[in-house]
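Chemist: Would you be able to build a 3D model of this:
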Amino acid sequence: MAKRERVVRMSVEQPLWRALTGYRVLTMIYAVLLFAFGRQQYERPWIAVAYLAVMCVWTLATLPKVANAASCTKRFLGVDLTIALVGILLTPLADAQAQSVDHSTLPTIWTAGSVLAYAIKGGWRWAGVASSLVAVANLVERGHPSRDTLHNVLLVWVASIAIGYVVEVARASERTLARALEIEAATRERERLARDIHDSVLQVLAMVQRRGAAMGGEAAEIARMAGEQEVALRTLVAGGLTRPSLVSEDESQGAVVRVVEVDDEPDDDTPVDLRLLLAPRAGAKVTLSEPGAPVLLPPPAAREMAAAVGAALDNVRVHAGEDAQAWVLIEDWPDEVIVTVRDDGPGIPEGRLAEAWGEGRMGVALSIRGRLRDLGGSAELISVPGQGTEVELKVPRGKAGQER
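Modeler: You can find the predicted model right below:
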């Protein structure tokens, strides 16, 4: 039985990092063009040219650093913010009128990119610290707080903190979703194991218990032990196991989910004739009615349908008696395959299925309905006391085998 591990990484942050990369490049170009068109206002343009050259080289060289959270280290964030703050404080040296007239700073809105990197990387607290340092630098550069300066500072502060908060909420949602997916995967695997156990071990234990009790003597003691083991195994199957959480190895890279998929047989896309899988079930007590043409299904769907039919026939033998007659009808429709299993037994009393589920007897719920549900199909059970039981199994062709 081969196993393979499929790793699913979910990260709502990645689009934000891509947007930040584009933002830094565009704002770098904007800062250069703004200086080029207004260079006559600078008393010391060489300071602006030197700073903008450093800023451009730094921006282009560190694009990989803002590609994802893992690459965006604390050291990079510190240097990046320092360059932005230095550019703000150098503005009065390059433009003597910057403090008296509302001129743009040398880095202009490129500074917001540094603050946003803090927000995406560390959340709203990091964003608050970075935006506060930018606010102080802007106030020092102006010398006196003007309305436009306060407006810009407040805008950066609020926007960065909001983005940081949204990132933290998204991370929490990712962890919750990843845990839910893990629980779903664990539940599906537990149900698959429960079906296999029900079709093999539990059936054998039940038969040993029934036959041993009828024989008496030492066989009765073996029957008692088999009954105890059957109850213990049913309890274990019904309860399942709690898997440890693997939802997040690195929050900055998004939630991580590992799903172990089990292949009962090697992959084979060749359709299987359902009639061939059900033919061995025919016998003196089981009448099989089938179409004249092959009933083709994907291998996983055909195997699960055959197993579900087998579970239904086992229930006929166990609950309706060894002398009960059963009829299996295969119907091949363009959009679905229907297999009906009918018997002439005493039927199922009302409420018995719910009672059996409470006792841990999950043959109908898992071996029949569980298999069909995994294939996107359905299983309907109709039983009238004294008139036998009929189980109708349906598998849609469009979905059969795609989810396995």
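Chemist: looking at the protein, which helix or strand is least sure?
Modeler: strand 255-263 (a mean of 47; mean pLDDT, DSSP states H and E).
Chemist: any idea whether the residue of the chain most remote from its centre is helix, strand or coil?
Modeler: What lies farthest from the middle of the chain is residue 43; by C-alpha atoms, centre = their mean that is 58.9 Å. Following DSSP: H, G, I helix; E, B strand; the rest coil, the label given to residue 43 is coil.
Chemist: As a check, name the ranges of all helices in this structure.
Modeler: Secondary structure of the chain (DSSP state H): helices at 14-37, 45-61, 74-94, 110-122, 124-142, 147-197, 203-215, 218-239, 274-278, 299-315, 352-358, 371-374.
Chemist: nearest to residue 344, of those?
Modeler: Among the helices of the chain, the nearest to residue 344 by C-beta to C-beta is helix 299-315 (13.4 Å). In this view, the C-beta of every residue, glycine as well, is placed from N, C-alpha and C.
Chemist: now the closest one and helix 203-215, what's the angle there?
Modeler: 10 degrees (axes from the mean of the first three to the mean of the last three C-alpha atoms, to 10 degrees).
Chemist: quick thing: my sequence starts at 822, can you match it?
Modeler: Okay, using 822 as the starting number, the last item reads as helix 1120-1136.
Chemist: Against which helices or strands is helix 1120-1136 packed?
Modeler: In terms of contacts (3 or more C-beta pairs under 8 Å, 6 or more residues apart in numbering; DSSP states H and E), helix 1120-1136 is packed against strand 1093-1094, helix 1095-1099, strand 1147-1153, strand 1157-1164, helix 1192-1195, strand 1210-1217.
Chemist: Can I get it in PDB? Just the C-alpha atoms.
Modeler: Taking C-alpha atoms only, helix 1120-1136 is exported to PDB below (Å, rounded to 0.1, in the frame of the first residue of the first chain):
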ATOM      1  CA  PRO A1120     -11.000   2.200 -11.100                       C
ATOM      2  CA  PRO A1121     -11.500   3.900  -7.700                       C
ATOM      3  CA  ALA A1122     -15.200   4.300  -8.300                       C
ATOM      4  CA  ALA A1123     -15.700   0.800  -9.500                       C
ATOM      5  CA  ARG A1124     -13.800  -0.700  -6.500                       C
ATOM      6  CA  GLU A1125     -15.800   1.400  -4.000                       C
ATOM      7  CA  MET A1126     -19.100   0.600  -5.600                       C
ATOM      8  CA  ALA A1127     -18.300  -3.100  -5.600                       C
ATOM      9  CA  ALA A1128     -17.200  -2.800  -1.900                       C
ATOM     10  CA  ALA A1129     -20.500  -1.000  -1.000                       C
ATOM     11  CA  VAL A1130     -22.500  -3.800  -2.800                       C
ATOM     12  CA  GLY A1131     -20.500  -6.400  -0.900                       C
ATOM     13  CA  ALA A1132     -21.300  -4.600   2.400                       C
ATOM     14  CA  ALA A1133     -25.000  -4.600   1.500                       C
ATOM     15  CA  LEU A1134     -24.900  -8.300   0.700                       C
ATOM     16  CA  ASP A1135     -23.000  -9.100   3.900                       C
ATOM     17  CA  ASN A1136     -25.800  -7.300   5.800                       C
END
